[in-house]
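J.: Show me the folded form of this:
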Amino acid sequence: MHGLSELDELERIIDAGAPHLEASVICQVQARGKPLPVYRITLGNPDPTLPAVGCFGGVHGLERIGSAVVIAYLQSLVDRLRWDDQAHRLLDAVRMVFIPIVNPGGMWMGTRCNPAGVDLMRNAPITAAERVAFMVGGHRISAALPWYRGGENAPMEPESAALCQLVEAELLTRRFAVALDCHSGFGTRDRIWFPYAHTSAPMHHLAEVYALKHIFESTYRNHRYVFEPQSHQYLTHGDLWDHLYQQACVQPERTFLPLTLEMGSWLWVKKNPRQLLMREGMFNPLLKHRIARVLRHHVFLLDFLARATASYKRWLPGESDRARHHQDALAHWYAEAEQ
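T.: Presented below is the predicted three-dimensional model:
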């Protein structure tokens with residue numbers, strides 16, 4: 001037992017799912033002298049010609065609900081594999097990879113950053129092409145201040161480097177792959193963000209994201225997510241997903257769609273203002289019935305992405321209609337910027 005409930009729960013799931021999944025420790029971090037593992041979990045077909053989907057949580061230690069969503073989905077998969085033929089067929093058609101707790105040291109310490117004081121989502125070797133908000137967009141002033149991105153020319157932190165290595169090996173080698181990184185703490189709406197965070201320019205695969213949005217909305221017409229580029233809200237230095245997406249774009253025959261689920265935690269605070277007095281209250285639902293509601297609400301999104309990834313050839317725009325999707329996406333997301 002590690003004294004970190006999410007990590008203990010994850011290890012129980014690993015043990016229960018042993019016939020169907022593989023798990024390994026991709027790095028180990030020290031949090032005030034306490035060793036904590038970062039687990040990599042894989043399921044499904046390893047055939048490199050098949051698509052892959054990745055689910056990630058806990059990049060920011062304070063945002064425990066992100067890890068809870070990924071762990072709840074993993075638990076659901078393991079339970080379904082005992083009885084559900086459809087789940088087995090899904091795993092025959094897709095590779096699935098998980099890092100449910102990217103930053104166990106920060107989670108154990110109750111901090112946004114990792115034990116070295118680095119904000120892992122500001123840690124990649126990529127600098128914003130446009131002006132970012134002071135401090136919030138990432139800085140190199142001091143690890144004692146929030147949003148510290150690490151020293152100039154310093155190597156990436158072990159946790160962010162491990163995440164990148166897994167994505168490079170399991171997702172960027174595929175013809176098609178999707179990633180979802182689960183966060184919380186912004187606004188009262190649940191948002192699904194896609195690149196870019198370092199520039200307001202549209203991403204190359206705008207048509208593909210627009211097509212994914214369309215099949216999601218036609219399937220779940222009553223959803224409450226806002227799909228948008230992250231740059232519509234703020235820009236940052238060092239975004240891990242911008243860094244990985246740019247690596248993927250070097251290989252034009254491959255499509256990699258990194259998404260971020262940003263759960264609107266201000267709604268939880270609005271319903272329970274006393275959460276402002278608690279360290280984790282700004283980022284997580286604290287009442288049991290609200291936690292259960294959040295997990296119910298978001299687990300279906302992860303399941304949708306797995307099924308959409310496995311079936312990507314049915315909905316991904318072909319050469320004949322990609323230009324139309326791209327223009328529709330520009331009109332939908334960037335029309336005001338062009339005026």
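J.: On the three-state scheme, the residue nearest to residue 270 when sequence neighbours are not counted is what?
T.: Closest residue to residue 270 apart from its sequence neighbours, by Cβ to Cβ, 6 or more residues apart in numbering: residue 188 at 6.7 Å. C-beta: built from backbone N, CA, C; applies to glycine. Secondary structure, DSSP: H, G, I helix; E, B strand; the rest coil: residue 188 is coil.
J.: Count the neighbours of residue 188 for me.
T.: 11 (other Cβ atoms under 10 Å).
J.: Do I have it right that it meets residue 262?
T.: No. With contact defined as Cβ atoms under 8 Å, residue 188 does not count as touching residue 262 (11.4 Å).
J.: Put the alpha carbons of the longest helix along the chain into CSV.
T.: Taking DSSP state H as the criterion, the chain has its longest helix at helix 288-310. Written as CSV, here are the backbone C-alpha positions of helix 288-310 (Å, rounded to 0.1, in the frame of the first residue of the first chain):
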residue,chain,number,x,y,z
LYS,A,288,-19.4,11.3,-2.9
HIS,A,289,-22.6,11.7,-5.0
ARG,A,290,-20.9,14.4,-7.1
ILE,A,291,-17.8,12.3,-7.6
ALA,A,292,-20.1,9.4,-8.8
ARG,A,293,-22.0,11.8,-11.1
VAL,A,294,-18.7,13.1,-12.7
LEU,A,295,-17.4,9.5,-13.3
ARG,A,296,-20.7,8.5,-14.9
HIS,A,297,-20.7,11.6,-17.0
HIS,A,298,-17.2,11.2,-18.5
VAL,A,299,-16.5,7.4,-18.7
PHE,A,300,-18.7,7.2,-21.7
LEU,A,301,-16.5,9.7,-23.5
LEU,A,302,-13.5,7.5,-23.1
ASP,A,303,-15.5,4.5,-24.4
PHE,A,304,-16.7,6.5,-27.4
LEU,A,305,-13.1,7.4,-28.3
ALA,A,306,-12.0,3.8,-28.1
ARG,A,307,-14.8,2.7,-30.4
ALA,A,308,-14.3,5.7,-32.8
THR,A,309,-10.6,4.9,-33.0
ALA,A,310,-11.2,1.2,-33.8
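J.: pLDDT of it, averaged?
T.: Averaged across helix 288-310, the pLDDT comes to 95.
J.: so what does the following helix or strand past that helix touch, helix or strand wise?
T.: Later in the chain than helix 288-310, the nearest helix or strand by DSSP states H and E is helix 312-315. In terms of contacts (3 or more Cβ pairs under 8 Å, 6 or more residues apart in numbering; DSSP states H and E), helix 312-315 is packed against helix 206-219.
J.: what residues does the helix or strand that the helix it packs on is followed by touch?
T.: Using DSSP H and E, the helix or strand that follows helix 206-219 in sequence is strand 225-229. Contact partners of strand 225-229, identified using Cβ atoms under 8 Å, 6 or more residues apart in numbering, comprise 189-196, 200, 202-203, 209, 213, 216, 301, 333.
J.: For the closest residue to residue 174 other than its chain neighbours, give me its contacts.
T.: Nearest non-adjacent residue to residue 174, counting by Cβ to Cβ, 6+ apart: residue 52, 4.8 Å away. Applying Cβ under 8 Å, 6+ apart to residue 52 gives the contacts 44, 94-97, 170-171, 174, 176-178, 309.
J.: Please report how far residue 33 lies from residue 122.
T.: For residue 33, the distance to residue 122 (Cβ to Cβ, to the nearest Å) stands at 26 Å.
J.: Surely residue 77 is in a strand?
T.: No. Per three-state DSSP, residue 77 lies outside any strand segment and is helix.
J.: ok, it - how many residues close by?
T.: Residues within reach of residue 77, counting by other Cβ under 10 Å, total 26.
J.: wait, what's in contact with it?
T.: Going by Cβ under 8 Å, 6+ apart, the list of residues near residue 77 reads 17, 43, 87, 96.
J.: Since that was my last question, I'll sign off now.
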